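Chemist: Attaching a predicted model along with its sequence, questions to come.
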Amino acid sequence: MPADKAKASSPQKGKKGGALSHQKQKKNKAAGSKKGTGPGFLSLSFCMALVAAGAYFLYQNPEGLEPWTGMRHPNKPYKTFMDFYPYYQEEHTDKTCRLLHIIGTSIVLTIMAASPSTFVSMALAFVVAYACCGLFAFMPNGAAEAAVMVTVFFSTHYFLKRSIKLALVVMLVGYAFAWVGHFFFEQNKPATFIYPSFSLMSDFFMTFRVITQVEPLDPRA
């Protein structure tokens, strides 16, 4: 009888052992997939190096690339960000509009602080678009520049995180607050329609200046 019991129990033990090993394999696969979703150190470092190279290029060439046709369109008289910012201020004089910009920008900054991949993706998209601002200066609008910026942002974000969900959230939040401010309170068109990269940088610059009290929240007061 003991021998029979041992024989009967051995298949059960084998089944249990097989089930346990199968569960371990599943856990290992799940752990591997989770690790694969995060950005690799080399990938993140590579993109950061591109950002640094782009920033250095812009520092040496604040006007970016020369217009493709050699001529600037009358809609785009500003060659550098510092030339553009006074115009940006003129287009953002309503207190509520400015507050909405700051709220949206602050949410975006919070997301980027929690996600280095999102920050690096946006930084790379910005430096590339800024360099292309002069290249597309012959065009009457910022459509081509915006296309470059969005393409670089999403492709870099996907390269680093294998997902664009957070990138979509950043764009939705950032532009939703700003455009509500323009269309319902300031009642003008967003500057991003002409100067996407300059306008994006201005949102962060204005937010910093208002928070640090360098310029007022309400310029009309």
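Modeler: Sure thing, it's come through. Owing to the predicted nature of the structure, the values given are computational and were not obtained by experimental measurement.
Chemist: Which strand or helix spans C133?
Modeler: According to DSSP states H and E, C133 maps onto helix 116-135.
Chemist: Just the buried residues of that helix, please?
Modeler: For helix 116-135, burial by neighbour count (16 or more other Cβ atoms under 10 Å) applies to 117-135. No exception for glycine: its C-beta is placed from N, CA and C like everyone else's.
Chemist: Going by neighbour count, list what's buried in the helix or strand that that helix is followed by.
Modeler: Moving toward the C-terminus from helix 116-135, the next helix or strand (DSSP H and E) is helix 143-161. Buried residues in helix 143-161, counted by 16+ other Cβ under 10 Å: A144, E145, A146, V148, M149, V152, F153, F154, T156, H157, L160, K161.
Chemist: what inclination does the helix holding C133 have with respect to helix 143-161?
Modeler: Put simply, helix 116-135 runs at 160 degrees to helix 143-161, going by axes from the mean of the first three to the mean of the last three Cα atoms, to 10 degrees.
Chemist: next one: helix 116-135 to chain centre, how far?
Modeler: Put simply, helix 116-135 sits 8 Å off its chain's centre (Cα atoms, centre = their mean, to the nearest Å).
Chemist: Quick check: mean pLDDT of that helix?
Modeler: Taken as a whole, helix 116-135 has a mean pLDDT of 92.
Chemist: So that it lines up with my notes, have the first residue be 11 from now on.
Modeler: Sure, I'll start counting at 11 from here, so that last one is helix 126-145.
Chemist: Give the other helices and strands that it contacts.
Modeler: helix 51-70, helix 105-124, helix 153-171, helix 175-190, helix 206-221 (3 or more Cβ pairs under 8 Å, 6 or more residues apart in numbering; DSSP states H and E).
Chemist: export it as CSV, just CAs?
Modeler: C-alpha atoms of helix 126-145 as CSV (Å, rounded to 0.1, in the frame of the first residue of the first chain):
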residue,chain,number,x,y,z
PRO,A,126,12.5,62.1,-18.0
SER,A,127,11.7,60.5,-21.3
THR,A,128,8.9,63.0,-21.9
PHE,A,129,11.1,65.9,-20.9
VAL,A,130,13.9,64.7,-23.3
SER,A,131,11.4,64.1,-26.1
MET,A,132,10.0,67.6,-25.8
ALA,A,133,13.5,69.2,-25.5
LEU,A,134,14.7,67.4,-28.6
ALA,A,135,11.5,68.4,-30.5
PHE,A,136,12.0,72.0,-29.5
VAL,A,137,15.6,72.4,-30.5
VAL,A,138,14.9,70.7,-33.9
ALA,A,139,11.8,72.9,-34.5
TYR,A,140,13.7,76.1,-33.4
ALA,A,141,16.5,75.3,-35.9
CYS,A,142,13.8,74.8,-38.6
CYS,A,143,12.0,78.1,-37.8
GLY,A,144,14.4,80.1,-40.0
LEU,A,145,14.4,77.3,-42.6
